[in-house]
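J.: This is a predicted model, with the sequence first.
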Amino acid sequence: MSARSWPPRGLLRRRGGALLAALALAATAAAPAAAAAPGNDLPVAATAIGSLPYTIDQDTTEATVGGDDVGCGAGGLDLATVWYTFTPDEDLRVEIDARPSDYLVGINLFAGSADEASRFDCNNDALAFDAEAGTTYYLLFADVNDDGVNGGSLRADVRVAPPSLNVTLTLDATARVHPKTGQALITGTVACDRQADFAEVSVMLRLETGRLFTIGAGAASTACGPSPSAWAAIVSGENGRFVGGRGTVRLTGFACDSLSCNETTQAGSVQLRRGVFELPTTGRVAPMPVQAEAPANDDIGSPSTISSIPFSDSLDTTGATTGATDPAYCFAPELGSDPASVWYAYTASASGPLLATTFGSDYDTTLYVGAADGAGGITVLGCSDDTRSHESAVRFDAVAGETYLFAASASLFGGSVGGNLVFNLDVGPPAQAVELKVDPTGSFDGYGIATIRGTVSCAAPAPLGAVVIVELMQRVGNGELPATAFVGIDGCPAAGIPFEAKLASPYGKYRGGHATAQVIFAACSDFECGNQTTDLTIRLRR
C-alpha cells in the first residue's frame, strides 16, 4: 500500500456559524454519550474465525486506531481498524476478498502475534496466503480510503483458496531465424487450468556455433485458459546473431488471476531455420519512384574510384539496377541479390583498419566489402545490414596496395529500390579484441547463492554494451541446480576489469563442491563485437 499524507484532507474544517450554534446548544443540553467501538477493535478481543468459508459483514464507522496501529498504513493512513483471528487445523491456502466493502480496505496479515515484527503480508482489498496447521493468524482490516470518513460497511469473504493456477507449456520443434536481423521466432502453446487475468511466456535461447555460443532472450504476453493459446516470442541475441542449427531453449510460463500467480519452467530444443517473419515496425522510409537512368557506377565493372580518404559521396540510386554477379544477400544467400546496387573501389595506401558506411542515407541499405574474384564478381570480406537504424557499416583491416570493392545496395526487406545514398570511407577504429579470465574458485553463502569472479579486458570502446554471461550447473544428489547471470561491464577499453556474478538456482541451494560453468564475455563497438567463451570446473567454497 502506498504512503498517504496525514492528516486526511477535510479532517479539520472551520464551520463558522454552525459551530457557534452548536456551542450555544451545548450550553443548555447535555452531549449524548459517544458510540461504543466494536468489540473486536483491538487484537486482544479479535473475533475468532472458526471454520471456512467465513463471511464478514460489519459496520466499522465507530472503530478506532490506537496502540494497534501496526498495519502497512501505520502512522496515519489506517483508520477504523478491526481484528479477526484464524487457526487452521491443517495446512491450506486461504484467500480473503474484501472487494464488496464500500470503502478501500487494507488487509494486513500477522503470524503468531499482532505486532509489527510479526506482520507477514498486506494488500488492498484482496490477499491470499499459505496457512500452516496450528499457527494463529491475525487479520487486521483498515480503512485506507484517505477521504476523511471513518470506516463504513466492511464485507469480506474468507475461504479456502483454489490451487494456484496450473500453467502448461509446449514448444514447437522448429523456429525461424530472420535472415536480415538474426532474430529468432520461437513459438508454442500455453494453457491454464482456469482463465488467467495475465500471462506471459519468456524464452532463453542458446545456440552453439563452433566453439562459441549465442545467447538471447525474449518474451510474449498471451491469453491463458483451459484451451491452449498460441504464443510467439522474438528472441534477439545478446552477443551476436542467431543462425541455422539446433538450439536449446528454457521456457518460463507466468500467469496470474485476481489473487495469486504461478509459474512453470520447461527445457527443450528447437531446430533453427532461415525464414522471414514480420518484424516490429521501424518507421522505414517510403519507397521512391524508380528513375530511368542508372548511375555511372551501377555496375561492378565501372566503380567510382576513391583516390584518398576520408571520402564521402552523395548519389541518387533510384535508377540503379542489379548486376548478374552482384553478391547474394549477406545473411541469406538463397534469397538472391539486393536491388539497386552501386559500386566504389579503393586501393589502400597503407595497412590498417578502414570503415565504410552508408550513414546519412535516407533508405534501408546493405553494404558489401571485398576483392575482385577474377570472374567478374566479388569475394566478400564483410557485409552489413542495419548497423545503425537502416544504415550499414563494415569495419575491416586493409592491406597496403590491395584494391577493395564496395557495393551499396537497397535492402531486400527495406521496401525501397534505392534513394539518396551517402557512402563514406575513412580510417576505422581498432578491432574489438577481448580477454576473459575466470577464477576457478567460487563461493556460496548461507542462502545457497553462488558467486563467480574473474576479470575481463577489451581493446576498444564498447558503446553498444559489454556483458559477462555465466551459466552454472551443480549436481546435487540425483538433481541438477542450473542458473544464469548477466553482469554488465563498464570501462572499455581497459585491462583486468573485475566482475562478480551472483547466481541463485530456482531448484535449490548451491553448496560446497564442484560445479561446471560456461562463461561468455562479449563487448560490442558500433560496428562489431568481440567475444570469448570459457568452459571450466569451479570449486565452490563457503
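T.: Received it, and whenever you're ready, just let me know what you need. Because the structure is a prediction, the values reported are computed rather than measured.
J.: Let me see the mean pLDDT of stretch 306-315.
T.: For stretch 306-315, the per-residue pLDDT values average out at 93.
J.: That stretch: end-to-end distance?
T.: The straight-line separation of the ends of stretch 306-315 (CA to CA, to the nearest Å) is 14 Å.
J.: Equivalent analysis for stretch 189-199, please.
T.: 12 Å.
J.: Same check on stretch 40-60?
T.: End-to-end distance of stretch 40-60 (CA to CA): 10 Å.
J.: Could you check how far it is from the centre of its chain?
T.: Relative to its chain's centre, stretch 40-60 lies at 43 Å (CA atoms, centre = their mean, to the nearest Å).
J.: Which positions within that stretch qualify as buried?
T.: Burial within stretch 40-60, assessed by neighbour count using 16 or more other CB atoms under 10 Å, is assigned to N40, D41, L42, P43, A46, T47, I49, L52, Y54, I56, Q58, T60. Using the backbone N, CA and C atoms, a C-beta is placed for each residue, glycine as well.
J.: List the residues that contact the third one.
T.: Right, L42. L42 is in contact with G66, G67, D68, W83, counting by CB atoms under 8 Å, 6 or more residues apart in numbering.
J.: ok, it to A217 distance?
T.: Counting by CB to CB, to the nearest Å, the gap between L42 and A217 amounts to 51 Å.
J.: how about the helices of the protein, start to end?
T.: Remark: helices assigned in the chain by DSSP state H are 17-28.
J.: What's the ChimeraX line that selects buried ones from the contacts of L42?
T.: Burial among those is assessed by 16+ other CB under 10 Å; the matching ChimeraX selection reads:
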select :68,83
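J.: Redo the contacts of L42 as TSV? Include distance to N166.
T.: Shown next, in TSV, are the contacts of L42 (distance: CB to CB, whole Å):
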residue	distance to N166
G66	44
G67	44
D68	39
W83	35
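J.: from the contacts of L42, which ones fall inside strands?
T.: Judged by DSSP state E, these include W83 as members of strands.
J.: Nearest to D397 among the contacts of L42?
T.: D68 (74.7 Å; CB to CB).
J.: so the closest one touches L140, yeah?
T.: Yes - here D68 reaches L140: they are 7.3 Å apart, a contact under CB atoms under 8 Å.
J.: Please enumerate the shared neighbours of those two.
T.: P43, T81, W83, A114.
J.: What about the last one, how many residues nearby?
T.: Residues lying near A114 (other CB atoms under 10 Å) number 23.
J.: What mean pLDDT does stretch 328-340 get?
T.: 81.
J.: Other residues contacting that stretch?
T.: Contacts of stretch 328-340 (CB under 8 Å, 6+ apart): 179-180, 182, 241, 274, 317-318, 320-323, 326-327, 366, 368, 380, 383-385, 409-412, 416-418.
J.: re earlier: now the contacts of L42 as JSON lines including distance to S236 and pLDDT?
T.: Formatted as JSON lines, the contacts of L42 follow (distance: CB to CB, whole Å; pLDDT from 0 to 100):
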{"residue": "G66", "distance to S236": "56", "pLDDT": "83"}
{"residue": "G67", "distance to S236": "56", "pLDDT": "83"}
{"residue": "D68", "distance to S236": "52", "pLDDT": "86"}
{"residue": "W83", "distance to S236": "52", "pLDDT": "96"}
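J.: any idea how far T170 is from A267?
T.: According to CB to CB, T170 stands 13 Å off from A267.
J.: more neighbours, those two?
T.: Neighbours per residue (other CB under 10 Å) separate T170 from A267, with T170 holding more: 16 against 11.
J.: State whether G245 and L207 are indeed in contact, as I suppose.
T.: Yes - using CB under 8 Å, G245 is in contact with L207, at 5.6 Å.
J.: Pull up the overlap in contacts between these two.
T.: Residues touching both G245 and L207 by CB under 8 Å, 6+ apart: L272.
J.: Which one of these two is surrounded by more residues?
T.: Between G245 and L207, counting by other CB under 10 Å, L207 is the more crowded of the two (25 against 14).
J.: Quick check: closest non-adjacent residue to the more buried one.
T.: Of all residues not flanking L207 in the chain, G247 sits nearest, at 4.1 Å (CB to CB, 6 or more residues apart in numbering).
J.: residues near that neighbour, how many?
T.: When neighbours are counted by other CB under 10 Å, G247 registers 26.
J.: swap in N531?
T.: Count around N531 with other CB under 10 Å applied: 21.
J.: how close does it get to L272?
T.: 19 Å.
J.: residues contacting T187?
T.: Per CB under 8 Å, 6+ apart, neighbours of T187: D172, A175, A230, W231, A232, A233.
J.: quick one: the third one from V167, how far?
T.: Which is A230. A230 is 15 Å from V167, by CB to CB.
J.: So which of these two has more stuff around it?
T.: More neighbours surround V167 than the other of A230 and V167, with 23 against 13 (other CB under 10 Å).
J.: doesn't T264 make contact with that one?
T.: Yes - the pair V167 / T264 is scored as a contact, 4.5 Å apart, by CB under 8 Å.
J.: and for those two, which residues touch both?
T.: Common neighbours of V167 and T264 (criterion: CB under 8 Å, 6+ apart): G253.
J.: for this structure, what are the low-confidence residue spans?
T.: For the chain, the stretches with pLDDT under 70 are 1-35, 209-212, 259, 280-292, 415-416.
J.: hang on, the earlier thing: so who does the residue nearest to L207 touch?
T.: The contact partners of G247, taken as CB under 8 Å, 6+ apart, are A175, A184, L205, R206, L207, E208, S269, V270, L272.
J.: Could you verify my assumption that I234 touches L185?
T.: Yes - with contact defined as CB under 8 Å, I234 counts as touching L185 (5.8 Å).
J.: how about S505, what does it touch?
T.: G448, L472, Q474, L481, P482, A483.
J.: Please name the bridge partners of the fifth one.
T.: Going back to what we said before, that points to P482. Beta-bridge partners recorded for P482 (DSSP bridges): M473.
J.: residue contacts, it?
T.: E471, L472, M473, S505, Y507.
J.: before we move on, back to that, now flag whichever of the contacts of L42 is closest to A161.
T.: Closest to A161, out of all of the contacts of L42 and judged by CB to CB, is W83, at 21.3 Å.
J.: The closest one is in contact with Y138, isn't it?
T.: Yes - in this structure, W83 is within contact of Y138 by CB under 8 Å, at 6.3 Å.
J.: Spit out the residues that contact the two alike.
T.: Joint contacts of W83 and Y138 (CB under 8 Å, 6+ apart) are P43, A46, A114.
J.: Which member of the residues you listed is positioned nearest L355?
T.: The closest of the shared contacts of W83 and Y138 to L355 turns out to be A114 (CB to CB; 69.3 Å).
J.: give the contact list for that closest one.
T.: If a contact means CB under 8 Å, 6+ apart, then A114 has P43, A46, D68, V70, W83, Y138, L140 as its contacts.
J.: Same check on P353?
T.: Taking CB under 8 Å, 6+ apart as the test, what P353 contacts is R395, F396, D397, A398, V427, G428, P429, P430, A431.
J.: separation between the residue lying closest to D316 once chain neighbours are set aside and A408?
T.: Among residues not flanking D316 along the chain, N420 sits closest, at 6.1 Å (CB to CB, 6+ apart). Per CB to CB, N420 is found 12 Å from A408.
J.: Between the two, point out the one with more neighbours.
T.: Just comparing N420 and A408: by other CB under 10 Å the higher neighbour count belongs to A408, 28 against 15.
J.: That one bridge partners, please.
T.: Beta-bridge partners, per DSSP bridges, of A408: V342, L367.
J.: Might one say that it is in contact with S341?
T.: Yes - assessed by CB under 8 Å, A408 is found in contact with S341 at 6.9 Å.
J.: What number of neighbouring residues does D197 come out with?
T.: 12.
J.: cool, and T181?
T.: 17.
J.: What of H514?
T.: By the criterion of other CB under 10 Å, H514 has 10 neighbours.
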